[in-house]
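Participant: model the structure of this input:
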Amino acid sequence: MSLAVGCSRGPQQAPPSAPEVAVFTVATQPVVLRTDLPGRTAPYLIADIRPQVNGLILKRLFTEGADVQAGQELYQIDPAPFQAAFDKAKANATALRLKAERVKDALASKAVSQQDVDDADAALKQAEAELEMARINLSYTKITAPISGRIGKSSVTDGAIVTAYQATPLATIQQLDPMYVDVPQSTADLLRLQRRLAEGRLSQDGNNQNSVQLILEDGTKYPLEGTLQFRDVSVDPSTATVTLRMVFPNPNGVLLPEMFVRTAVKEGVNDHAILVPQQSVMRDPKGNPTALVVNAAGTAELRMLSVDRAVGDKWLVTAGLTDGDRVIVEGIQRVRPGSAVRTIPYEGAH
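Facilitator: Okay, here's the model as predicted:
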């Protein structure tokens, strides 16, 4: 006697012969988008040291490659001729001051005219101006640092003759903490970013919008975060780029002038980003991105995608997928569109 089995069945399962695939379930999430741009470091401040008077260098007073402070004496020019000029101008001014006082006293008794008093005052003022110039020139014999920073090699030695405002600097001081990083950005990328913001595909991240990360030449991440200071308003016609200037703290002197670096500049936040593992995205013969999705019937379905960029080990998909889609990540080579599959969760998803 045979028994009829009348128990109800659950959801239809793929036959045992169907290939097993690992699927990644799509879920939108907020993602901070950054653009990687190459750039070079530049000193925060730089000052070329030049003499302001002619003379002979008596002594260099700094160590090449050392840190110097603003106001620190760097070179001593022979002050003797300038001291003599100052003493002469001082004596002349003193004599003319006494003469002007005598002329003013004589004016009261009408022994001299008002013109004589005016001439004496004018001569005194000229003498005082010459005295001030002599004092300034004497002070210029001590060449001091205009800024604090690291000083490079000296172009002159003790005993060298120098001239005022000469073309060749005696030395150069560079302030290295903080440090600038100058980055060119194409106008096409800038317009694309502005369009995404206008369309609402990106939102600004408040106070953190201007934060920038730095990658050094050897590929390591610089531990301190920088700040985007400004975007230049002028376009370089030869490269169709605008310059972005960032500022990075450099307390340990890791960054040096003219180093090649890469920056990760924050564009904004995509509040509904779709990220899928890179191995789930294929290319058709024309190079267009595609993916296999397991539909509600348990069969593989080919989807055409639009992909923006890589974010870590995933692709940012802008079209072709929605929340809840199950994208095949492993076992793709055993599946054809329309074929039934058995699914298990993709273990690499995180």
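
Participant: low-confidence bits of the protein, can you list those?
Facilitator: Applying pLDDT under 70 to the chain picks out residues 1-16, 192-209, 349-350.

Participant: check it for its longest strand and report it.
Facilitator: Scanning the chain for the strand with the most residues, using DSSP state E, yields strand 29-49.

Participant: tabulate the CA atom coordinates of that strand in CSV.
Facilitator: Output of strand 29-49 as CSV, limited to C-alpha atoms (Å, rounded to 0.1, in the frame of the first residue of the first chain):
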residue,chain,number,x,y,z
GLN,A,29,26.1,53.3,2.7
PRO,A,30,27.6,56.8,3.2
VAL,A,31,31.1,56.9,1.7
VAL,A,32,33.6,59.8,1.8
LEU,A,33,35.0,60.2,-1.7
ARG,A,34,38.6,61.4,-2.2
THR,A,35,40.6,62.3,-5.3
ASP,A,36,44.3,61.2,-5.4
LEU,A,37,46.4,64.0,-6.9
PRO,A,38,50.2,64.3,-7.2
GLY,A,39,52.0,67.3,-5.9
ARG,A,40,55.2,68.7,-4.5
THR,A,41,56.1,70.2,-1.2
ALA,A,42,57.2,73.8,-0.7
PRO,A,43,58.5,75.8,2.3
TYR,A,44,55.9,77.6,4.3
LEU,A,45,58.3,80.7,4.3
ILE,A,46,61.5,81.3,2.3
ALA,A,47,63.9,84.1,2.5
ASP,A,48,67.0,84.8,0.5
ILE,A,49,69.7,86.6,2.5
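
Participant: now do it: which elements does it pack against?
Facilitator: Secondary-structure packing of strand 29-49 (3 or more Cβ pairs under 8 Å, 6 or more residues apart in numbering; DSSP states H and E): strand 149-151, strand 171-186, strand 241-248, strand 260-277, strand 306-311. Placement of C-beta: from N, CA and C, glycine included.

Participant: can you do 6 Å?
Facilitator: Contacts defined by 3 or more Cβ pairs under 6 Å, 6 or more residues apart in numbering; DSSP states H and E place strand 29-49 against strand 171-186, strand 260-277.

Participant: as TSV, those strands with mean neighbour count and distance to Pro223 would be great.
Facilitator: What follows is the helices and strands packed on strand 29-49, written out as TSV (neighbours: other Cβ atoms under 10 Å; distance: least, Cβ to Cβ, whole Å):
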stretch	mean neighbour count	distance to Pro223
strand 171-186	20	14
strand 260-277	19	13
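
Participant: distance to Leu74 added to the ones you listed, as CSV?
Facilitator: Converted to CSV, the helices and strands packed on strand 29-49 look like this (distance: least, Cβ to Cβ, whole Å):
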stretch, distance to Leu74
strand 171-186, 7
strand 260-277, 31
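
Participant: Val32: which of those is closest?
Facilitator: When the helices and strands packed on strand 29-49 are compared by Cβ to Cβ, strand 260-277 sits nearest Val32, at 5.5 Å.

Participant: what does the closest one contact?
Facilitator: Residues outside strand 260-277 that contact it (Cβ atoms under 6 Å, 6 or more residues apart in numbering): 24, 26, 28-40, 183, 193, 202-205, 212-215, 217, 311, 314-317, 321, 327, 329.

Participant: buried residues in the helix or strand hosting Ile136?
Facilitator: Ile136 is part of helix 114-139 when elements are defined by DSSP states H and E. Of all the residues in helix 114-139, those buried under the rule 16 or more other Cβ atoms under 10 Å are Ala120, Ala123, Leu124, Ala127, Glu128, Glu130, Leu131, Ala134, Asn137, Leu138.

Participant: before we move on, what about stretch 321-335?
Facilitator: Within stretch 321-335, the residues that count as buried by 16+ other Cβ under 10 Å are Leu321, Asp325, Arg326, Val327, Ile328, Val329, Glu330, Gly331, Ile332, Val335.
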